[in-house]
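[1] A structural model of the following input is requested.
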Amino acid sequence: MTTTIRLTMAQALIRFLDQQYIEIDNREMKFIHGVMGIFGHGNVTGIGEALERAPGNLKFIQGKNEQGMAHAAMAFAKQNNRLGIFACTSSIGPGALNMVTAAATATVNRIPVLFLPGDIFSTRQPDPVLQQVENPSDYTISANDAFKPVSRFWDRIARPEQLMTSLLHAMRVLTDPADTGAVTLSLPQDVQCEAYDYPVSFFDKRVHYMDRRPMAESSRKRSVELIARKKNPIIIAGGGVHYSLAIEQLREFAEAFRIPVGETQAGKSALAWDHPLNMGAIGTTGTLAANRLAKDADLVICVGTRMSDFTTASKSLFQHPEVEFLQLNMNGLDAAKMSQVSVQADAKLALRQLTIDLQSMGYASGYDSDQLAHAKSDWVREADRLYSMEREDGLAQTRVLGEINAFLQPEDVIIGAAGSMPGDLHRLWRTTRPNTYHMEYGFSCMGYEVAGAFGVKLADPHREVYAMVGDGSYLMLHSELVTSLQEGRKITVLLLDNHGFQCIHNLQRENGSDGFGNEFRYFSPEQGGLSGSYMDFDFAANARSLGAKAYTAQTIEQLKQALEAARNEVTTTLIHVKVVPGTNSSGYESWWRVDVAEVSESAKVNEAYRNFQHKLEAVK
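    Take a look at the predicted model:
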């Protein structure tokens, strides 16, 4: 009986990846669905040959920009609640470095993506090879070392047999519900092509069991005792609610004890927007209802959240003198943040266990129904006002979002990442079904939106998928629009054009600036700098030149017609919507700490610094 098989390292890698499965709650599914790649001299004759000749059941997708394709892979994994992934391969040098930003995005958001960048020769005989970065003090360093600080696991395969050990560690991290993120295996181009007699058993089907971690009895007791002595708790629902498939348990827990819920960007859509206990977004981009309840809460129950500065409003949000925090999280780093009681446990099991214990003692919060209903209805009226805002000089961004929200079907998915829209969408967007709100806001990476929409469409091919993108993000990266056309995966790009990086333009003016370097204006020789007229882009023509369908909307009626037409299209479509700069929503009893220059020639900046100091003192 043959016990070994002679394969190149790259062939062995592809064969192994094709045999990886994951199981949760007795449901088994394929874990690695394929490889996205752009070939170059660092991977075309290694991984490229393996994928061409023996891909197995792995699908190959040709990327157009390495960062873009890696964002698509991340979006695929996120939409699959981290239960299915794509790998990404590139050439050496700039091709590899293009993926570093995406690796950081995946790691910050706790999303598994496998990176397989080509690397320089292990033999060093053609040294220095094209695109090699030479470090005279450490000759072991290559461009791929840049992945180290943004990867949860990193390795360089210098010999073909090292692959066996490395892949086991890679799969450990990729399937870890607590410490997942980017995994980088750096693959020297010569080693990819070297053969080794691998054990046949190494390529057997492997099932990675995602066993749920219950609360320890001591943690369970401490948690119940803490909740039982609190009258005004609030729940913060984070992305972990989705990833642990704990949506029903969250609803049952909140309803059982009449506890209001605030949602993070990653947690949004865990509850339907019109659920009586869903107070909407929380934190810097939060609603008035959620932020006021958080301000007076004596207990904050954090479920699967990183507790970022946006969630906590830079730690200014929770102002009750006796406020305490209960952190339920699989990740030890996240569980330790701002908490008196830190619990490392699966959200689904933890919420179920706490519900049983608290019901047995007859616990209920101190809120009355009218208090919560009034808080919610007041915010609904404010959101309705923003959604119906009229202007004589053009379309308000919030009005455009309101029309889009009214048009989309409950199962449609929206994707966003950066600019002013994530704030508006977090506060205002109304979801009725889970996994229909897909926001990358851990890293807030401009350029994620179009690529992310393609990744979501791969994960959910039967849904309509909408990329919500500003003109700044679109200009930064939209190349995977072409990939969506190539693969026949229709997405709809909703491009809101406000003439620049208006989110940051607003921020700088709020802190004493006159506005500098953030709008898309022509250079003015008379006034100096970018102070001329707005640049006028025809983004619809740009999309059509790439093969997409496209429409332009400058009125509400044109927008409605374009949305209807786009829904009936069978291929990727872009709608270019011109909106008035500065017509996004603003903060609601929240703060985001952005320090101000301590000294300046500008009186406005000096005043802004004094205001900043007052706020800083207030939150200490």
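
[2] May I have stretch 335-352 exported as PDB, CA atoms only?
    Included here for stretch 335-352 are C-alpha records, laid out as PDB according to Å, rounded to 0.1, in the frame of the first residue of the first chain:
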ATOM      1  CA  ALA A 335     -13.200  40.200  27.600                       C
ATOM      2  CA  ALA A 336     -10.800  42.100  29.800                       C
ATOM      3  CA  LYS A 337     -11.800  45.600  28.500                       C
ATOM      4  CA  MET A 338     -13.500  47.900  30.900                       C
ATOM      5  CA  SER A 339     -14.900  45.000  32.900                       C
ATOM      6  CA  GLN A 340     -15.400  44.200  36.500                       C
ATOM      7  CA  VAL A 341     -16.600  40.700  35.500                       C
ATOM      8  CA  SER A 342     -14.800  39.200  32.600                       C
ATOM      9  CA  VAL A 343     -16.200  36.000  31.100                       C
ATOM     10  CA  GLN A 344     -14.600  34.000  28.300                       C
ATOM     11  CA  ALA A 345     -17.500  32.000  26.900                       C
ATOM     12  CA  ASP A 346     -19.500  31.400  23.800                       C
ATOM     13  CA  ALA A 347     -22.200  34.000  23.500                       C
ATOM     14  CA  LYS A 348     -25.000  31.600  22.600                       C
ATOM     15  CA  LEU A 349     -24.300  29.300  25.600                       C
ATOM     16  CA  ALA A 350     -23.700  32.200  28.000                       C
ATOM     17  CA  LEU A 351     -26.900  34.000  27.200                       C
ATOM     18  CA  ARG A 352     -28.900  30.800  27.400                       C
END
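
[3] quick one: contacts of that stretch?
    Contacts of stretch 335-352 from elsewhere in the structure, counted by C-beta atoms under 8 Å, 6 or more residues apart in numbering, are 177-178, 212-216, 219, 222-223, 226, 240-241, 244-246, 249-250, 252-253, 300, 302-304, 306-307, 312, 315, 324-332. Where C-beta positions appear, they are placed from N, C-alpha and C, glycine not excepted.

[4] which helices and strands sit right next to the longest helix seen in the chain?
    Secondary structure of the chain per DSSP state H: the longest helix is helix 369-387. Counting contacts by 3 or more C-beta pairs under 8 Å, 6 or more residues apart in numbering; DSSP states H and E, helix 369-387 packs against strand 278-281, helix 288-296, helix 397-407, helix 421-428.

[5] Please flag which of the contacts of stretch 335-352 sit within strands.
    Secondary structure from DSSP state E places Val300, Cys302, Val303, Glu324, Phe325, Leu326, Gln327, Leu328, Asn329 of the contacts of stretch 335-352 in strands.

[6] Chain neighbours aside, what residue packs nearest to the fifth one?
    Pointing back at Phe325 there. The shortest distance from Phe325 to any residue that is not its chain neighbour, by C-beta to C-beta, 6 or more residues apart in numbering, is 4.4 Å, and that residue is Ser339.

[7] what's the helix or strand for that neighbour?
    Assigned by DSSP states H and E, Ser339 belongs to neither a helix nor a strand.

[8] Can you give me the neighbour number for it?
    As a burial measure, the neighbour count of Ser339 was computed by other C-beta atoms under 10 Å and equals 18.

[9] Starting from Glu324, give me the distance back to it.
    Distance from Ser339 to Glu324, counting by C-beta to C-beta, to the nearest Å: 8 Å.

[10] cool, and Met307?
    Here Met307 is placed at a distance of 14 Å from Glu324 (C-beta to C-beta).

[11] could you give the mean pLDDT of the strand or helix carrying Glu617?
    Element membership for Glu617 (DSSP H and E) is helix 603-619. In this model, helix 603-619 has an average pLDDT of 89.

[12] Equivalent analysis for stretch 163-182, please.
    Stretch 163-182 shows an average pLDDT of 97 in the prediction.

[13] Tell me, how many residues neighbour the residue nearest to Met476 when sequence neighbours are not counted?
    Distances taken as C-beta to C-beta, 6+ apart place Gly447 nearest to Met476, at 4.3 Å, with adjacent residues excluded. Neighbourhood size, Gly447 [other C-beta under 10 Å]: 26.

[14] isn't Gly447 right next to Gly472, touching?
    No - when contacts are counted by C-beta atoms under 8 Å, Gly447 is not listed as touching Gly472 (9.4 Å).

[15] what sits in contact with each of those two?
    Counting by C-beta under 8 Å, 6+ apart, the shared contacts of Gly447 and Gly472 are Ala418.
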